[in-house]
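[1] this one's structure only:
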């Protein structure tokens, strides 16, 4: 859903310019949102959290996830380069989806990250292995939102290529282990 737009006329042709897109679910409800930029209690005591009440389902919690394996193949780099162009050069949204890969030879719990290219979704990497246990139960949740937080090109020695960070928003609060891991994501 577009929440900010205007109409312009260029050479006798009318255009609608959209600059702020929001998911329909979030735009239609007055949900309280918990963002990653709020202070996080990094207390290493997990014992006191084991008996917490169930999280309030009206809360949505959005945190960043670094996508691993983006430099594994030229096809992944090409897909990220195209997505980078859409996002930063053409100011267009880049759509993301997550898919479980139970037949993955290295990790039967792997979750692949795909970005929309000009023709279809292209695999660009994976969610970190230690976090897949928290994301797997959410894959069938229609309220799960996945979006691109940032795509960048890195030129540091031995890290040359495109990289991506995604944001995953879910109903209720994320586990403290996931929040701690996300606090290290840039």
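    Structure's in. What do you need? On a predicted model such as this, the values are computed, not experimentally measured, just so you know.

[2] where does this structure dip in pLDDT?
    Low-confidence segments of the chain, defined by pLDDT under 70: 1-5, 19-57, 186.

[3] Can you give the domain ranges for it?
    As assigned by automatic domain parsing, the chain contains the domains 1-30, 58-186.

[4] I'd like the ones you listed written out as a markdown table, with mean neighbour count added.
    Backbone N, C-alpha and C define where each C-beta goes, glycine included. Below are these laid out as a markdown table (neighbours: other Cβ atoms under 10 Å):
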| stretch | mean neighbour count |
| --- | --- |
| domain 1-30 | 10 |
| domain 58-186 | 16 |
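
[5] do you know how far residue 7 is from residue 14?
    6 Å (Cβ to Cβ, to the nearest Å).

[6] try residue 98
    The gap separating residue 98 from residue 14 is 38 Å, by Cβ to Cβ.

[7] go on, residue 147?
    Taken as Cβ to Cβ, the span from residue 147 to residue 14 is 29 Å.

[8] if you go through the chain in chain order, where are the helices?
    Using DSSP state H, the helices of the chain run over 24-28, 74-84, 132-135, 176-182.

[9] Which strands or helices does the third one pack on?
    This points to helix 132-135. Under the contact criterion of 3 or more Cβ pairs under 8 Å, 6 or more residues apart in numbering; DSSP states H and E, helix 132-135 touches strand 110-116.

[10] Ok, the longest one next?
    For helix 74-84, the contact count by 3+ Cβ pairs under 8 Å, 6+ apart identifies strand 110-116, strand 121-126, strand 145-154, strand 161-171 as packing neighbours.

[11] make it 7 Å
    Judged by 3 or more Cβ pairs under 7 Å, 6 or more residues apart in numbering; DSSP states H and E, helix 74-84 is in contact with strand 121-126, strand 145-154, strand 161-171.

[12] Which one of those strands lies nearest to residue 71?
    Proximity to residue 71, assessed across the helices and strands packed on helix 74-84 by Cβ to Cβ, is greatest for strand 161-171 (4.2 Å).

[13] Parallel or antiparallel, list what pairs with the closest one.
    Using DSSP bridges, strand 161-171 pairs in its sheet with strand 59-66 (antiparallel), strand 145-154 (antiparallel).

[14] Give me the angle between that strand and strand 110-116.
    Put simply, strand 161-171 runs at 110 degrees to strand 110-116, going by axes from the mean of the first three to the mean of the last three Cα atoms, to 10 degrees.

[15] hmm, who's touching strand 161-171?
    Here strand 161-171 makes contact (Cβ atoms under 7 Å, 6 or more residues apart in numbering) with 57, 60-67, 70-71, 77, 80-81, 84, 96, 113, 124, 135, 138, 141, 143-154, 185.
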